[in-house]
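[1] structure, please.
(chains A, B, C and D)
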There are 2 protein chains.
Amino acid sequence: MVYQPSVVLIDDHDLVRAGVRAELGDHVRVVGEAGDVVEAVDVVVETQPDVVLLDVHLPSGTGADVIAGVVARGHDVRFLALSVSDAPDDVIAVIRAGARGYVTKAIPGAELVDAVRRVAEGDAVFSPRLAGFVIDAFSAAIPEPADPELDLLSPREQEVMRLLARGYAYKEIARRLTISIKTVETHASSVLRKLQLSSRHELSSWAARRRIV
Amino acid sequence: MVYQPSVVLIDDHDLVRAGVRAELGDHVRVVGEAGDVVEAVDVVVETQPDVVLLDVHLPSGTGADVIAGVVARGHDVRFLALSVSDAPDDVIAVIRAGARGYVTKAIPGAELVDAVRRVAEGDAVFSPRLAGFVIDAFSAAIPEPADPELDLLSPREQEVMRLLARGYAYKEIARRLTISIKTVETHASSVLRKLQLSSRHELSSWAARRRIV
DNA sequence: CTGCACATCAGGGGTGACCCTGAGCCAACC
DNA sequence: GGTTGGCTCAGGGTCACCCCTGATGTGCAG
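    Presented below is the predicted three-dimensional model:
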């Protein structure tokens, strides 16, 4: 208990805030509270806490709105979402907005203290029921560097390549670029030859891996 | 200290294992140790610990190999990667393999205990330097619900559908399933009709959006 | 027993994808 | 002025894709 992170509580129910205060005990310093979006942004900006414990659903908006408001005021604060909901949509919204973690209100008091301290230190914390979800999403995201092979293609070939990768038929590509089908075929052949691919299907996955489409 | 999770340590350096043991103190029960991949898989399978503290780089392979080995033996154990590296590639590989968290060896002892306990409870835990990275990847990932339309397809049709979505030619699908091309055509037609799609390209993007491939 | 769904295969036909050769036009460069 | 490279188009060919009809055998539920 040498270190007490400062915390602001955002929740529209006084009883919930009181409960959280009680659970947190003297392990953290509660330096502010708020019950709606506008009030919350003000309190957070004024007090600059180490962590904001943030309810996802507020009467005047969402937790994501609060984060957006604080960011818009030019401040960088760590948010830990605290909600009864474990719906993916809620999680996504508030994490996208910038929250560093998400725990449900079913969390035991001691773990909530841990979670707050970890977020204060920069960790990402997720409730067990969400951990698998987060990991799945993480696994699905793929990092990909630059693409020097794209320079092999002439500008027109790159246009055709993008449309090919999206699955457009030659006829449709010809219509969009107002050229003849035969010209599209020529470009398509060049693209496949230069990229050393053998079909538009390979091109599709090639482009998908490179996030070109 | 009422609850002591059982832990197996995997690291090729005896000194590191000794250091981790000392840091963990009596907060956990260390029920096994290993220094290479084969040994590690055996120890984990035998001892069935709550958490495996897993070095990412081993002389005979990687941490991901250990996880793959344990999974291949039909066991489900929670892994927490513990490494000097914070390189994205290392993180991705071991998380993809199934680790529930990743912390660097710079972590203080008390936090390592916390991390182990959280992972034992099902949480996902990440070091501060990786938290931002994880959240970025999470934000980039797209949420997608269930797929009731898949029940429209018979088992065989679903097999064909998956191969079609990956871009395999009819001939290749026939070879893999050891059936005739004509049968593949029949299934493919049924799939497209039932899913109300008109080409394998639409099927590809349909399947990609649903994370089926 | 009788449908019914499923899986398997065949023939035939229309369209798309891909390749090759060949060709004209234009701008840039040596 | 000749050469080079990009963009445009054409003819002709092979193979893949997709649809239709029709057929056989199996297993399962009414």
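[2] which parts of the helix or strand harbouring residue A:15 are buried?
    Using DSSP states H and E, residue A:15 falls within helix A:14-24. If you call a residue buried by 16 or more other Cβ atoms under 10 Å in any protein chain shown, then helix A:14-24 has these buried ones: A:16-17, A:20, A:24. The C-beta positions use only the backbone N, C-alpha and C, and glycine is treated the same way.
[3] which of the residues you listed lies closest to DNA strand D?
    Checking the buried residues of helix A:14-24 against DNA strand D with Cβ to the nearest atom of the strand, the nearest one is residue A:16 at 51.2 Å.
[4] my guess is the closest one contacts residue A:55, does it?
    Yes: counting by Cβ atoms under 8 Å, residue A:55 is a contact partner of residue A:16 at 7.4 Å.
[5] do you know how far residue A:3 is from residue A:49?
    Between residue A:3 and residue A:49 the computed distance is 14 Å (Cβ to Cβ, to the nearest Å).
[6] let me fix that: residue A:63
    In this view, residue A:63 and residue A:49 are 15 Å apart by Cβ to Cβ.
[7] just the strands in chain A please.
    All strands of chain A, identified by DSSP state E, fall at A:6-10, A:29-34, A:51-54, A:57-58, A:61-62, A:78-83, A:101-104, A:124-126.
[8] which of these has the lowest average pLDDT?
    Mean pLDDT is lowest for strand A:124-126 among these, at a mean of 76.
[9] mind listing what that one pairs with, with the direction of each?
    strand A:101-104 (parallel), strand B:124-126 (antiparallel) (DSSP bridges).
[10] make TSV from the ones you listed and add mean neighbour count and distance to residue B:176 to it.
    Shown next, in TSV, are these (neighbours: other Cβ atoms under 10 Å in any protein chain shown; distance: least, Cβ to Cβ, whole Å):
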stretch	mean neighbour count	distance to residue B:176
strand A:101-104	25	42
strand B:124-126	28	36
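[11] quick check: which of those is nearest to DNA strand C?
    Nearest of these to DNA strand C, taken as Cβ to the nearest atom of the strand: strand B:124-126 at 37.7 Å.
[12] how far is the closest one from where the chain is centred?
    In this view, strand B:124-126 has its centroid 14 Å away from the chain centroid, taken as Cα atoms, centre = their mean, to the nearest Å.
[13] can I get the strands paired with strand A:124-126 in TSV including distance to DNA strand D?
    Converted to TSV, those look like this (distance: least, Cβ to the nearest atom of the strand, whole Å):
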stretch	distance to DNA strand D
strand A:101-104	41
strand B:124-126	40
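[14] so which of those strands gets nearest residue B:167?
    Closest of the strands paired with strand A:124-126 to residue B:167 is strand B:124-126, at 33.2 Å (criterion: Cβ to Cβ).
[15] got a list of what residue A:100 touches?
    Contact partners of residue A:100, counting by Cβ atoms under 8 Å, 6 or more residues apart in numbering or on different chains, are A:78-80, A:119, A:122-125, B:131, B:135.
[16] again, only this time at 6 Å
    Residue A:100 is in contact with A:78, A:119, A:124, counting by Cβ atoms under 6 Å, 6 or more residues apart in numbering or on different chains.
[17] how about these in CSV, adding distance to DNA strand C?
    Shown next, in CSV, are the contacts of residue A:100 (distance: Cβ to the nearest atom of the strand, whole Å):
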residue, distance to DNA strand C
A:78, 50
A:119, 49
A:124, 43
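[18] what residues does chain A put near DNA strand D?
    A:154-157, A:177, A:179-183, A:185-187 (Cβ under 7 Å from any atom of the strand).
[19] which ChimeraX command selects the buried ones in those residues?
    In ChimeraX, a selection of the buried entries from the residues of chain A next to DNA strand D looks like this (16+ other Cβ under 10 Å):
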select /A:157,187
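[20] contacting DNA strand C as well, which ones from the residues of chain A next to DNA strand D?
    Near DNA strand C, judged by Cβ under 7 Å from any atom of the strand, the entries from the residues of chain A next to DNA strand D are A:185-186.
[21] can you tell me which of the residues of chain A next to DNA strand D is nearest residue B:101?
    Lowest distance from residue B:101 to the residues of chain A next to DNA strand D (Cβ to Cβ) belongs to residue A:157, with 45.1 Å.
[22] tell me which of residue A:63 and residue A:49 has more neighbours.
    Taking other Cβ atoms under 10 Å in any protein chain shown, residue A:63 and residue A:49 do not tie; residue A:63 has more neighbours (27 against 23).
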